[in-house]
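K.L.:
curious how this folds, go ahead:
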Amino acid sequence: MKFTKMHGCGNDYVYVNCFEETFPECPAEREKLVQRLSDRHFGIGGDGVIFICPSEKADAQMRMFNADGSESEMCGNGVRCVAKYVFDHKIAEKDELAIDTLAGIKVIRVMEKNPDGTAARLRVDMGEPILDLPKIPTTLTDSVNVPLDITDAQGNTVANFRITPVSMGNPHCVTFVEEITDEMVFGFGPLMENHTVFPARANIEFIQVLSPTELKMRVWERGTGETFACGTGASAVCVAGVLTGNAERKVRIHLLGGDLDLEWDAETNHVFMTGPAVEVFSGEVF
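P.N.:
Okay, the predicted model is just below:
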């Protein structure tokens, strides 16, 4: 099976062109394949695997799987890379592309090109944020700066955060803190991901406010662990920043793997994300 390694701000996935390769339909076999390819020691290595498939409704379909084999609805960095692949490899020869995802069709525009004509920076219409609590989904009854107790396996309270839940097609839990620490990300991230208030689990974003237009972010991603970036997470953070009064509608977010520019447009209610997409290498795995 041929593959291509790509990343957006260090959020790296193994991409498989299912216009040429066969999509693994069997769930058990697919889970094992994704886990094997994603393994950074014994496989290719990545935050997961994304299959680029034909679509009857769009230029291509994205099927995105976390490193543990579970499927996710959307990935902002991933969909930018899918659009870059479709553009660069001439699956669709146009600057505005439609990619079918489990969170709906996303429209991506090539904003900047490399000297060789390949896509360098792309802008994704991430759509409208979902703030209806049952649809996120969460069992919380309030939506902005909600206090949340974090408990360990014995039921002891080990921390308390104020959180704002947002869905961008997948569930996010955003918390603003004075300073982001490893203890928060690695210690509390997994507990928050699996908290009972999130029946489908959640991606956890820890945010430090540098200014109303500049934020620092680290993310514990559902089914993967800490990643260098998360596009849907950055989109959720932009929305949560406005709702909590911590940020303006246009904001630059600094992630471990680079910067993303976000805008929550007041007129359309859509979130727009602009960032890089990079093809690293291609190969074949047996």
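K.L.:
which stretches in the stretch 51-200 of the chain count as strands?
P.N.:
60-66, 71-72, 96-101, 104-113, 119-127, 146-151, 157-167, 171-176 (DSSP state E, counting those that start in this stretch).
K.L.:
in TSV: these, plus mean neighbour count, mean pLDDT and distance to Val16.
P.N.:
Bear in mind the C-beta positions are built from the backbone N, C-alpha and C, glycine included. Listed next are these as TSV, based on neighbours: other CB atoms under 10 Å; pLDDT from 0 to 100; distance: least, CB to CB, whole Å:
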stretch	mean neighbour count	mean pLDDT	distance to Val16
strand 60-66	23	97	9
strand 71-72	19	95	14
strand 96-101	21	98	15
strand 104-113	18	97	19
strand 119-127	22	97	19
strand 146-151	14	95	37
strand 157-167	19	97	27
strand 171-176	27	98	26
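K.L.:
turn the ones you listed into JSON lines, including distance to Thr138.
P.N.:
Output for the strands of the stretch 51-200 of the chain, formatted as JSON lines (distance: least, CB to CB, whole Å):
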{"stretch": "strand 60-66", "distance to Thr138": "20"}
{"stretch": "strand 71-72", "distance to Thr138": "17"}
{"stretch": "strand 96-101", "distance to Thr138": "21"}
{"stretch": "strand 104-113", "distance to Thr138": "20"}
{"stretch": "strand 119-127", "distance to Thr138": "19"}
{"stretch": "strand 146-151", "distance to Thr138": "9"}
{"stretch": "strand 157-167", "distance to Thr138": "5"}
{"stretch": "strand 171-176", "distance to Thr138": "7"}
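K.L.:
which one of those lies closest to Glu31?
P.N.:
When these are compared by CB to CB, strand 60-66 sits nearest Glu31, at 8.0 Å.
K.L.:
off-centre distance for that closest one?
P.N.:
12 Å (CA atoms, centre = their mean, to the nearest Å).
K.L.:
touching that strand from outside, list them.
P.N.:
13, 19, 23, 30, 34, 47-55, 71-75, 78-79, 82, 86, 91-92, 97, 99-102, 221-224 (CB atoms under 8 Å, 6 or more residues apart in numbering).
K.L.:
returning to that earlier point: the strands of the stretch 51-200 of the chain: which one's closest to Ser211?
P.N.:
strand 171-176 (13.3 Å).
K.L.:
okay, now Ile91: neighbour count?
P.N.:
Ile91 has 16 neighbouring residues, counting by other CB atoms under 10 Å.
K.L.:
the host helix or strand of Ala236 versus strand 157-167: what angle between them?
P.N.:
Per DSSP states H and E: Ala236 is located in helix 231-244. Orientation note: helix 231-244 sits at an angle of 100 degrees relative to strand 157-167 (axes from the mean of the first three to the mean of the last three CA atoms, to 10 degrees).
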